[in-house]
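Visitor: Got a predicted structure here, sequence first:
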Amino acid sequence: MTTSATTSVWKQPAQVWAVAFACVVAFMGIGLVDPILPAIAESLQASPVETELLFTSYLLVTGLAMLITSWVSSRIGAKATLLVGLALIVVFSLLCAVSGSVDAVIGFRAGWGLGNALFISTALATIVGAASGGSGAAIILYEAALGLGIAVGPLLGGILGELSWRGPFFGVVALMAIAFIAVSVLLRGPSEKRVPVPFSAPFHALRRPALAVLAVAALFYNIGFFVLLAFSPFPLGFGAMGIGFTFFGWGVALAVTSVWVAPLLMRRLPRTRIIVTVLPLLALDLVAAGIVSGNQAGLVVCIVIGGLLLGIMNTVLTEAVMEATDLPRSVASSAYSAVRFLGGAMAPPLAALLWHAFTAAVPYYFAAASVLLAALTVLLGRRALAHVDADAADATEDAEAILLGDAG
């Protein structure tokens with residue numbers, strides 16, 4: 001990144017800060033329900049599998065909606081897309097908060113996922129277009145918002161969850177309503193000419209070999225990511241605050257390596273080499289989590305170490321996606337994210353089923369095997385990914401739409 005981008009990153013117009021604040025709150029939604037999963041299961045008399053579907057409905061709809069977000073935003077404009085996404089999150093978070101059954105919460109989380117996809121898919125492009133200091137400054141600000149949201153989400157969920165399992169949902173309603181007002185007042189309408197994106201563009205993008213390899217690898221990787229995030233609250237056995245603090249540490253670790261460590265590694269090593277090195281380390285960490293799954297302290301350590309490795313992977317994978325094709329960044333990233341989030345959607349209920357059928361260790365071993373499959377996919381597809389490593393210069397200067405790639 002350029003020096004000017006770094007020095008001016010905190011000196012931004014009000015409209016940039018409005019979108020950045022909304023990004024923080026949106027990313028908080030990823031881990032917000034983590035600390036209250038056991039409480040929801042108890043209060044609504046739901047099984048662990050049913051409770052884990054709170055993640056599945058959210059992630060499945062988020063991923064599928066990513067296939068249409070570039071088509072939508074290219075027609076109604078960035079500001080309108082952001083506001084529609086924020087409004088949907090407010091409405092469906094409120095419906096989650098007042099629900100009386102786990103089935104209702106699962107359904108309303110799906111609507112939340114649609115709003116999240118519309119908002120996040122447009123937020124970075126908006127920040128890049130409005131930020132001072134160039135795209136480098138915009139990427140730093142975006143990744144800082146992502147890291148802060150992922151770290152604070154579980155902590156806020158724990159604090160509000162101590163009062164009631166409904167508390168975190170009401171918290172999102174209040175924060176997203178503020179974000180909606182801020183964006184509607186402070187964000188000026190886009191001045192650039194809209195170029196409609198064909199509805200089929202993300203589907204055609206997946207025919208590109210490099211993007212297809214990265215998308216399949218990310219699907220398996222995301223299984224490991226969300227087993228660690230969504231299943232771990234159950235074997236941990238903590239209350240809402242204990243789970244919140246654990247995943248606050250996980251989020252801080254993820255943020256540190258995503259913003260600082262991953263760029264440092266990419267200046268020294270090819271992207272695919274980083275991927276095939278870090279993924280086996282993540283698999284070892286998941287195996288260790290399985291071995292110590294009955295020990296709270298040991299499992300906490302494995303979760304935080306996992307956050308360090310996940311932060312590196314998130315950034316490196318999305319940087320690789322940016323260089324994978326000559327397609328518009330928004331189209332490539334939408335296609336990649338849609339496939340990737342399918343892994344996140346299937347992982348939580350599968351982990352709960354394996355736990356019920358065997359022991360708490362087995363879901364972690366399953367996650368480790370999935371992560372190794374991700375590494376194998378990259379190894380077998382290295383020929384298709386050769387050009388991803390060819391240009392090791394600071395690719396973040398060209399980032400127009402990482403979108404959800406490094407949000408989990």
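Guide: Thanks, I have it.
Visitor: so is residue 165 in a helix, a strand, or just coil?
Guide: Taking DSSP: H, G, I helix; E, B strand; the rest coil as the rule, one finds residue 165 in the coil state.
Visitor: So what's the residue count around it?
Guide: Number of residues near residue 165 (other C-beta atoms under 10 Å) recorded here: 25. (Each C-beta comes from the backbone N, C-alpha and C, glycine too.)
Visitor: Same check on the one 10 residues further on?
Guide: A count of nearby residues for residue 175, using other C-beta under 10 Å, gives 21.
Visitor: Just the CA coordinates for stretch 171-182, please, in PDB.
Guide: Backbone C-alpha positions of stretch 171-182 (Å, rounded to 0.1, in the frame of the first residue of the first chain) are rendered in PDB as follows:
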ATOM      1  CA  GLY A 171     -29.300  -4.700  19.700                       C
ATOM      2  CA  VAL A 172     -28.900  -5.300  15.900                       C
ATOM      3  CA  VAL A 173     -32.300  -3.600  15.300                       C
ATOM      4  CA  ALA A 174     -31.100  -0.400  17.100                       C
ATOM      5  CA  LEU A 175     -27.700  -0.300  15.600                       C
ATOM      6  CA  MET A 176     -28.800  -1.000  12.000                       C
ATOM      7  CA  ALA A 177     -31.600   1.600  12.300                       C
ATOM      8  CA  ILE A 178     -28.900   4.100  13.200                       C
ATOM      9  CA  ALA A 179     -26.800   2.900  10.300                       C
ATOM     10  CA  PHE A 180     -29.800   3.200   7.900                       C
ATOM     11  CA  ILE A 181     -30.300   6.900   9.000                       C
ATOM     12  CA  ALA A 182     -26.600   7.700   8.700                       C
END
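Visitor: how far out from the middle of the chain is it?
Guide: Centroid separation between stretch 171-182 and its chain, computed with C-alpha atoms, centre = their mean, to the nearest Å, is 20 Å.
Visitor: average pLDDT across that stretch?
Guide: For stretch 171-182, the mean pLDDT works out to 87.
Visitor: Pull out the buried residues from that stretch.
Guide: For stretch 171-182, a neighbour-count test (16 or more other C-beta atoms under 10 Å) marks 171, 172, 173, 175, 176, 177, 178, 179, 180, 182 as buried.
Visitor: Which of these fall within helices?
Guide: Mapping these onto helices (DSSP state H) picks out 171, 172, 173, 175, 176, 177, 178, 179, 180, 182.
Visitor: Would you mind measuring from the fourth one to residue 127?
Guide: According to C-beta to C-beta, to the nearest Å, residue 175 and residue 127 sit 18 Å apart.
Visitor: And the first one, by the same measure?
Guide: With distances defined as C-beta to C-beta, the gap from residue 171 to residue 127 amounts to 24 Å.
Visitor: coming back round to it: quick one: which of the ones in helices among the buried residues of stretch 171-182 is nearest residue 76?
Guide: residue 180 (16.1 Å; C-beta to C-beta).
Visitor: correct me, but residue 91 touches residue 97?
Guide: No: contact criterion C-beta atoms under 8 Å: residue 91 and residue 97 do not qualify, at 11.0 Å.
Visitor: Same drill for the two, tell me which one is more crowded.
Guide: The neighbour comparison of residue 91 against residue 97 (other C-beta under 10 Å) goes to residue 97, with 19 against 16.
Visitor: Now residue 98, what are its backbone angles?
Guide: phi -100, psi 10 (degrees, to the nearest 10).
Visitor: where does it land on pLDDT?
Guide: We have a pLDDT of 94 for residue 98.
Visitor: Equivalent analysis for residue 379, please.
Guide: Residue 379 is assigned a predicted lDDT (pLDDT) of 95.
Visitor: how close does it get to residue 155?
Guide: Residue 379 sits 37 Å away from residue 155, going by C-beta to C-beta.
Visitor: likewise residue 386?
Guide: Residue 386 is 42 Å from residue 155, by C-beta to C-beta.
Visitor: Which one's more surrounded, residue 379 and residue 155?
Guide: residue 155 (23 against 14).
Visitor: Spatially, what comes nearest to that one if we skip its sequence neighbours?
Guide: Ranked by C-beta to C-beta, 6 or more residues apart in numbering and with sequence neighbours excluded, the top spatial neighbour of residue 155 is residue 248, at 4.1 Å.
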